[in-house]
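> sequence-free structure coming up:
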């Protein structure tokens, strides 16, 4: 036995818990550059000691590539000179094209016992779910899964409607300030339980196996079940770090001051965004070393009031529920900076380019405002002093974008709704882009950037500053499952 630890559970519903396991070695540090096969043991409520299989959480064989039938992990060493990582983004359960989870699973199965070939980390670089583009054949299942997870049906703020009763959702969310594609958002997620269910459908077969959900999800289950099992197995066997972009919450948010204020002026709009951000924290950011945000306590209170109201409805309890909902939504909507730095060698800076934007009434958004650049500068200052060691960074939007793609988006803005044109490239706001590049150039000579957002693969090289003092290499992989139109 190499170590032990403690669990920190947070109740997010009657049958939904967020648990952070903090493991510490018994002596020194955990071994590096060796494949570590692991099991987890727990004390059951009756005091008995049980492992993964005994606890009933998961069949250990189902999350194993290793011969012992248990998951395994490989930790990198500080002396390593090669960073070997896996990189992917944009996984839409209703998307077209081949599902790359099969490739990921196959690669990990082939390399699990080879310390030299095995990847040290998996980087999921944005759009882990598509809250704004939910397949029709999953909608009813998501509504029921939300109720099963939370233990109650969420209420739409200020309304007599439950979330599962809201139809024509594209019009509904647009009426509350969101600027989604009306053709895609017919089943937009709105309640926290719906966002949580979508992550679980994406990453685990557990909900797909639920006896009450299977009849509602028969067609979608055939399409997604095996890949959900593959994703769960991958996540159990490789340290995984994620960044969010827009689709985990809603499309193209925030684009400008007008849109931001329009959403912030409606209780329902704030609540939808808050639910998306809170779910993003719980399923993507928790465990990345950032500490728990203030809104997590408000989220748990929101859940507890919902359970209380479901147990015994009264006008006073409903007023209390609405007050807690409003406070939770207001504070969570103002969340800033979900970025982090990985404990890999070298470290990887994961940028949040959604919650700390430089917004105006008319210009394309700058992807990092002064506060975001200050945070980035602080992280750069903590890196090893050798400026010749390449900086590795994840930016959801490519830093070096395809010029033809950028020009097409700019041209679309002249003729079309700017919220449709997706002018969210770094280069669409030249002033903010230059400030970002100057911040990088002040700390490093070489930068490697991995990105998501666009759904086609390419590599690019670029230079910035006098005498090309900053060299940038851009790596962009195609979507895990979101083939571009005509691709």
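Looks like it arrived, so ask away. Predicted, not measured: the structure shown is a model, and the values here were computed from it. Residues are numbered from 1 along each chain as shown.

> Residue 260 looks like it's in a helix, true?
Yes - judged by DSSP: H, G, I helix; E, B strand; the rest coil, residue 260 forms part of a helix.

> Confirm for me that it is in contact with residue 254.
Yes - between residue 260 and residue 254 there is a contact under CB atoms under 8 Å: 4.4 Å. To be clear about C-beta, it is placed using only N, CA and C from the backbone, and glycine gets the same treatment.

> Next, show the common contact partners of these two.
residue 359 (CB atoms under 8 Å, 6 or more residues apart in numbering).

> Have a look at these two and say which one is more surrounded.
Each of residue 260 and residue 254 has its neighbours counted (other CB atoms under 10 Å); residue 254 has more, 22 against 18.

> so which helix or strand takes in the more buried one?
When elements are assigned from DSSP states H and E, residue 254 belongs to no helix and no strand.

> what residues are up against it?
Residue 254 neighbours (CB under 8 Å, 6+ apart): 260, 263, 354, 357, 359, 365.

> so how far is residue 9 from residue 328?
Counting by CB to CB, to the nearest Å, the separation of residue 328 from residue 9 is 20 Å.

> Between these two, point out the one with more neighbours.
More neighbours surround residue 328 than the other of residue 328 and residue 9, with 25 against 10 (other CB under 10 Å).

> pretty sure the more buried one is in a strand, no?
No - counting by three-state DSSP, residue 328 is not found in a strand; it is helix.

> how near is residue 43 to residue 54?
Distance, residue 43 to residue 54, by CB to CB: 11 Å.

> Tell me where the model's unsure across the stretch 1-150 of the chain.
55 (pLDDT under 70).

> now the helices for it?
Taking DSSP state H, counting those that start in this stretch as the test, the helices found in the stretch 1-150 of the chain are 52-55, 101-111, 136-150.

> Determine how far the last one lies from the middle of the whole chain.
To tie it back to what came earlier, the one meant is helix 136-150. Helix 136-150 sits 20 Å away from the centroid of its parent chain (CA atoms, centre = their mean, to the nearest Å).

> State the mean pLDDT of the next helix or strand after it.
Following helix 136-150 in sequence order, the next helix or strand is helix 169-175 (DSSP H and E). Helix 169-175 shows a mean pLDDT of 96.

> buried sites along helix 169-175?
Residues 169, 170, 172, 173, 174 are the ones in helix 169-175 that count as buried (16 or more other CB atoms under 10 Å).

> Also stretch 93-111?
Judged by neighbour count using 16+ other CB under 10 Å, the buried positions of stretch 93-111 are 93, 94, 95, 99, 100, 101, 104, 105, 107, 108, 111.

> same thing with stretch 156-163?
By neighbour count with 16+ other CB under 10 Å, stretch 156-163 contains the buried residues 156, 157, 162, 163.

> Reformat those residues into JSON lines and put pLDDT next to each item.
Output for those, formatted as JSON lines (pLDDT from 0 to 100):
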{"residue": "156", "pLDDT": "97"}
{"residue": "157", "pLDDT": "96"}
{"residue": "162", "pLDDT": "98"}
{"residue": "163", "pLDDT": "98"}
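
> what's the most distant pair in those?
Largest separation among those by CB to CB: 157 and 162, giving 11.8 Å.

> Pull the number of nearby residues for residue 396.
Neighbours of residue 396 (other CB under 10 Å): 24.

> pLDDT score for it?
93.

> Can you give me every residue that contacts it?
Contact partners of residue 396, counting by CB under 8 Å, 6+ apart, are 89, 125-127, 243-245, 351, 353-354, 451-453.

> Repeat that for residue 266.
Counting by CB under 8 Å, 6+ apart, residue 266 touches 176, 177.

> try 10 Å
157, 158, 175, 176, 177, 178, 272 (CB atoms under 10 Å, 6 or more residues apart in numbering).

> do you know how far the second one is from residue 267?
When you say that, I think you mean residue 158. 6 Å.

> Check the fifth one too.
Remark: distance between residue 177 and residue 267 (CB to CB) = 11 Å.

> what secondary structure does residue 400 sit in?
Judged by three-state DSSP, the three-state class of residue 400 is coil.

> Tell me how far the helix or strand harbouring residue 322 lies from the chain's centre.
Residue 322 is located in helix 315-333, with elements delineated by DSSP H and E. From the chain centre to the centre of helix 315-333 is a distance of 25 Å (CA atoms, centre = their mean).

> what's the answer for stretch 102-109, then?
Centre-to-centre, stretch 102-109 and its host chain are 21 Å apart (CA atoms, centre = their mean).

> what comes into contact with that stretch?
For stretch 102-109, contacts defined as CB under 10 Å, 6+ apart pick out 64-66, 72, 86, 88, 117-119, 122, 226-227, 229-234, 236-238, 480.

> let's see 6 Å
For stretch 102-109, contacts defined as CB atoms under 6 Å, 6 or more residues apart in numbering pick out 65, 230, 234, 237.

> The first one reaches residue 113, doesn't it?
No - because the distance of 8.2 Å does not satisfy CB atoms under 6 Å, residue 65 is recorded as not touching residue 113.

> Looking at the two, which is more packed in?
Legend: neighbour count by other CB under 10 Å for residue 65 and residue 113, higher for residue 65 (23 against 14).

> Leaving aside the residues adjacent along the chain, what's closest to the more buried one?
residue 112 (3.9 Å; CB to CB, 6 or more residues apart in numbering).

> Spatially, what comes nearest to residue 295 if we skip its sequence neighbours?
Of all residues not flanking residue 295 in the chain, residue 332 sits nearest, at 4.2 Å (CB to CB, 6+ apart).

> could you measure that neighbour against residue 146, distance?
Distance, residue 332 to residue 146, by CB to CB: 18 Å.

> Quick check: phi and psi on residue 68?
When read as degrees, to the nearest 10, the backbone of residue 68 gives phi -70, psi 0.

> my bad, residue 281
Per degrees, to the nearest 10, the backbone of residue 281 is at phi -60, psi -50.

> quick one: pLDDT of residue 304?
Residue 304 is assigned 97 on the pLDDT scale.

> Give me the buried positions along the host helix or strand of it.
Using DSSP H and E, residue 304 maps to helix 295-311. Using 16+ other CB under 10 Å as the test for burial, helix 295-311 gives 295, 296, 298, 299, 300, 302, 303, 305, 306, 309, 310.

> what about the helices in the stretch 301-450 of the chain?
Under DSSP H, counting those that start in this stretch, the stretch 301-450 of the chain gives helices at 315-333, 370-381, 403-415, 418-421, 430-441.

> rank these by pLDDT, which is bottom?
Of all these, mean pLDDT reaches its minimum on helix 403-415 (a mean of 49).

> ok and the helix holding residue 304 relative to helix 136-150, angle-wise?
Relative orientation of helix 295-311 and helix 136-150, computed by axes from the mean of the first three to the mean of the last three CA atoms, to 10 degrees: 90 degrees.

> I'd assumed residue 379 was in contact with residue 347.
No - counting by CB under 6 Å, residue 347 stays clear of residue 379, with 8.2 Å between them.

> Need the overlap of contacts for the two.
Common neighbours of residue 347 and residue 379, counting by CB under 6 Å, 6+ apart, are residue 341.
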